[in-house]
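>>> need a structure here:
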Amino acid sequence: MLWGLFGSRKHQSREYLKPGRLEDVIALIQVLGLDKHVHRGENALVETLKEKPTSGENWCELSRRHPEFFRVYPGRSGDSVALIARHLTASGDEGSQLSPEYIHGLVEAAIRIHHGQLQRKQILRATWAVVAFTVLPSLGSVAAAIIAARGR
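Here you go, the predicted model:
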């Protein structure tokens, strides 16, 4: 169990813990799920969403950080972003919009991932506090014993 908490972080993402990240992912899911175009470039996303993401440099970079939902594809006029589900079912750049139920499911998945990462952070924080309050007094006792032994 502890290995899962303290082990390699190679495959453990913390992307959803960035301020504003969940909101940005949800906004991007909605736009890419409902837009008539399957793939959207950076400029089109900024124009549609009226701003850059609050939790990253740009929409393409944010999408690269969330391969659970998005893919970034090279295009004629720069990179474009698509929801994986729409890219796979589309023919060309136009495809049927995702149903509201499907989009709701994707949003719920993003919320669950965010919640899981938040919970893991809280568990780690509590575990380190327990370790600190358990180990530090013991170290103090050992240090006092060593000092006392040297004083003889």
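>>> pull the helix or strand with minimum mean pLDDT from this protein.
helix 2-6 (a mean of 46; mean pLDDT, DSSP states H and E).
>>> Just checking the distance from stretch 99-110 to the centre of its chain.
Taking the mean of its C-alpha atoms, stretch 99-110 sits 16 Å from the chain's own mean (CA atoms, centre = their mean, to the nearest Å).
>>> can you list contacts of that stretch?
Under the contact criterion CB atoms under 8 Å, 6 or more residues apart in numbering, stretch 99-110 has outside partners 16, 22, 25-26, 29-30, 33-34, 68-69, 83, 85, 98. Heads up, the C-betas are built off the backbone N, CA and C, glycines and all.
>>> can you rerun that using 10 Å?
Under the contact criterion CB atoms under 10 Å, 6 or more residues apart in numbering, stretch 99-110 has outside partners 16, 21-30, 32-34, 66, 68-69, 83-86, 97-98.
>>> Just the C-alpha atoms of it, please, in CSV.
Once side chains and other backbone atoms are set aside, the C-alpha atoms of stretch 99-110 remain, and they are given as CSV (Å, rounded to 0.1, in the frame of the first residue of the first chain):
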residue,chain,number,x,y,z
SER,A,99,-24.8,13.5,-27.4
PRO,A,100,-25.3,15.6,-24.2
GLU,A,101,-25.3,12.3,-22.3
TYR,A,102,-21.9,11.3,-23.7
ILE,A,103,-20.4,14.8,-22.9
HIS,A,104,-21.9,14.5,-19.4
GLY,A,105,-20.1,11.2,-19.0
LEU,A,106,-16.8,12.7,-20.1
VAL,A,107,-17.2,15.6,-17.7
GLU,A,108,-18.0,13.2,-14.9
ALA,A,109,-14.9,11.2,-15.7
ALA,A,110,-12.8,14.4,-15.5
